[in-house]
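Enquirer: Sharing a sequence plus its predicted fold:
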Amino acid sequence: MIAQLTDAMQQTQALIQRVRRINAHFQHVDLGIEEQLGDIKPGQSLLVRQTQDWQPYLREQWWPVRIAPNLVVVERPGHIKYEPGEFISVLGPVGSFFRFRRSLRHVLLIAYDTPPTPLLSMIPLLIANQTSLTLVLLGEAAAYQTDHLAGQVEVIHGGADLEWEHRIMTVGLADQVFAVARPDDEIRRFGDIWRMFAELRADIRKNYLFGVFQSIQPCGAGVCQACMIRLKQGTALTCVEGPTLDLSQVQL
Amino acid sequence: MTIEITRTGKDSLFIDTPVMPAAGTFGYGDAYRNIVRVEKLGAVITNPVTYQPWHPANGTRVIPLDAGVLVHTGLPNPGISKVLSQYRTMWSRMPVPVIMHIVATTPDQVARCASRIEAEEVVTGIELGLNDDTGSQSAQDFVKAVLRNTQKPLMVRLPMQDAYELAEPVAQAGAGALVVTAPPRGTARDPYSGRLVPGRVYGPLIRPIALRMVGHLARRVDIPIIGAGGIHSPQDARDFIEAGARAVQIDSVTWIEPKMLEIIARDLGGLTVTRASDALADEWYLGMGESTLARRRESMRAEDD
């Protein structure tokens, strides 16, 4: 399993410092964070409440796209209004960070019927390590606008049938693959991706093809167990051992 | 302050603060170690445990509701042997009693669980969670199965739909205390799949129903009652005590606002402060005092001006 148990979460607050519209559908929100959240790493997320009321009841899962000292930039839908200067309640970090192979030349990112937001926080890290990146947007994900992404990221648009141009070459080049799928039917969609890779590669070894799960998180701390995923051997909590799980271990 | 939360006897259970997490909302005791100071609680109730391992439920597990949530987990757990071996050391360092929640599967399996727990010094008591379809006779059989195999204090968590019916038979069978009640079962439509999903319902709207039950049952049974259901604030918890509960269990608010569990415990533990002059900033409520972020906001405003 790629993920490792991380230290327990913190409950703190964050300050909305800046809001930037990045395209027609999304905005980036700069969050000033307290020191105790400073250890958040790519792959981890935050559970956020903006209200003291009980509606909505559950916290929203906010995915960082850039992490800097005392600052986390998150990507949020463009139709929601955020005010600079507003304090929000934050639980986090949730989950474990991305783990990469030591000798990594090329990483393939796949977004299948969902925006690639949970994958984006690894981009600055990989670019800094001179790893080449390809982002494949499949199905409904093809509507995601990518102008704000770093120029080093190769973007490919594909169909809902998991087909894209030069697919065999793209898959063959990848040292590691990270995929996100629409949360309401993640297991089936990850199964589709797994079968597609099984057709294209002679074998899929461990620590190669990963799913980044976006299950609804009532607690984010592993206590409610609502996000538990069945593995071929045992189980995993996506809020603690995830969100990134090796699909070769998951019961798809 | 010491509170006796099970019936008086040589094996009665005493706690210092009448507040504890409800089963299934606090894990096995260490998940919130950076947020909740466990020593401020009265006890720790573990996640539900069965004799055999249980797997997670298939399909949709969580459906957000208006001011609440429906959760359907299937009570996954690795079985009592593995839970004990995994958490025994951690529980031995717990500053408060650890009460293990056992799911009422069959009388035989419950008896085996009780027997295992009897041999564990680190577990102070048992909470038996009865299922919704448990009849009076069956409930008594479960209670007796536990008591035949352990001297440890036994609390029985009643299902909401049968709480009135089961309270007296369970008390007569020898239970040390009643937990009133488990989160009710409900059904909600999953907006994505379109399917109806059963599960347990959590949220503040449960509170008035549970509060009425506590008030009613406190007059009918002669064993302590622990109030549970939809408590989201110190005042909510005080309401349960006023209605006759000896102590309270805090459920889903711990998932949403983990600090609230400690705030309620401190409040009911007699440590209520409004703003003591020597209180540390942010010690009691988020945003109460100065913080680095507050200073940063001030500097943002100054720049705007």
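Expert: Ah, there it is. Residues are numbered from 1 along each chain as shown, chains lettered A, B, ... in the order given.
Enquirer: does the residue located most distally from the centre of chain A count as helix, strand or coil?
Expert: Distance to the chain centre peaks in chain A at A:D53, reaching 28.0 Å (criterion: CA atoms, centre = their mean). Taking DSSP: H, G, I helix; E, B strand; the rest coil as the rule, one finds A:D53 in the coil state.
Enquirer: how near is it to chain B?
Expert: Distance from A:D53 to chain B, counting by CB to the nearest CB, to the nearest Å: 8 Å. For every residue, glycine as well, the C-beta is placed using N, CA and C.
Enquirer: so how many other residues sit close to the residue of the stretch 51-200 of chain A found nearest chain B?
Expert: The shortest separation between the stretch 51-200 of chain A and chain B is 3.3 Å, found at A:D184 (distances taken as CB to the nearest CB). Counted by other CB atoms under 10 Å in any protein chain shown, the residues lying close to A:D184 total 16.
Enquirer: tell me the pLDDT at the closest residue to it other than its chain neighbours?
Expert: Distance criterion CB to CB, 6 or more residues apart in numbering or on different chains; nearest residue to A:D184, sequence neighbours excluded, is B:Y192 at 3.3 Å. With respect to pLDDT, B:Y192 scores 85.
Enquirer: Confirm B:Y192 sits in a helix?
Expert: No - read with three-state DSSP, B:Y192 is coil and lies in no helix.
Enquirer: Return the backbone torsion pair for it.
Expert: phi -80, psi -50 (degrees, to the nearest 10).
Enquirer: Please pull out the lowest mean pLDDT helix or strand from chain B.
Expert: Ranking every helix and strand in chain B by mean pLDDT, DSSP states H and E puts helix B:292-304 at the bottom, with a mean of 71.
Enquirer: Please point out which parts of the lengthiest helix in chain A sit buried.
Expert: Taking DSSP state H as the criterion, chain A has its longest helix at helix A:186-200. Of all the residues in helix A:186-200, those buried under the rule 16 or more other CB atoms under 10 Å in any protein chain shown are A:186-187, A:189-194, A:196-197.
Enquirer: hey, where'd the helices end up in the stretch 151-252 of chain A?
Expert: Assignment of helices within the stretch 151-252 of chain A using DSSP state H, counting those that start in this stretch yields the ranges A:167-173, A:186-200.
Enquirer: Format these as TSV; extra columns: mean pLDDT and distance to chain B.
Expert: Conversion of these to TSV gives the following (pLDDT from 0 to 100; distance: least, CB to the nearest CB, whole Å):
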stretch	mean pLDDT	distance to chain B
helix A:167-173	91	28
helix A:186-200	93	10
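Enquirer: In JSON lines, list those helices along with distance to B:A218.
Expert: Shown next, in JSON lines, are the helices of the stretch 151-252 of chain A (distance: least, CB to CB, whole Å):
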{"stretch": "helix A:167-173", "distance to B:A218": "66"}
{"stretch": "helix A:186-200", "distance to B:A218": "46"}
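Enquirer: B:E4 is nearest to which of those helices?
Expert: helix A:186-200 (48.3 Å; CB to CB).
Enquirer: Run through the neighbouring helices and strands of the closest one.
Expert: strand A:106-112, helix A:167-173, strand A:176-181, strand A:209-212 (3 or more CB pairs under 8 Å, 6 or more residues apart in numbering or on different chains; DSSP states H and E).
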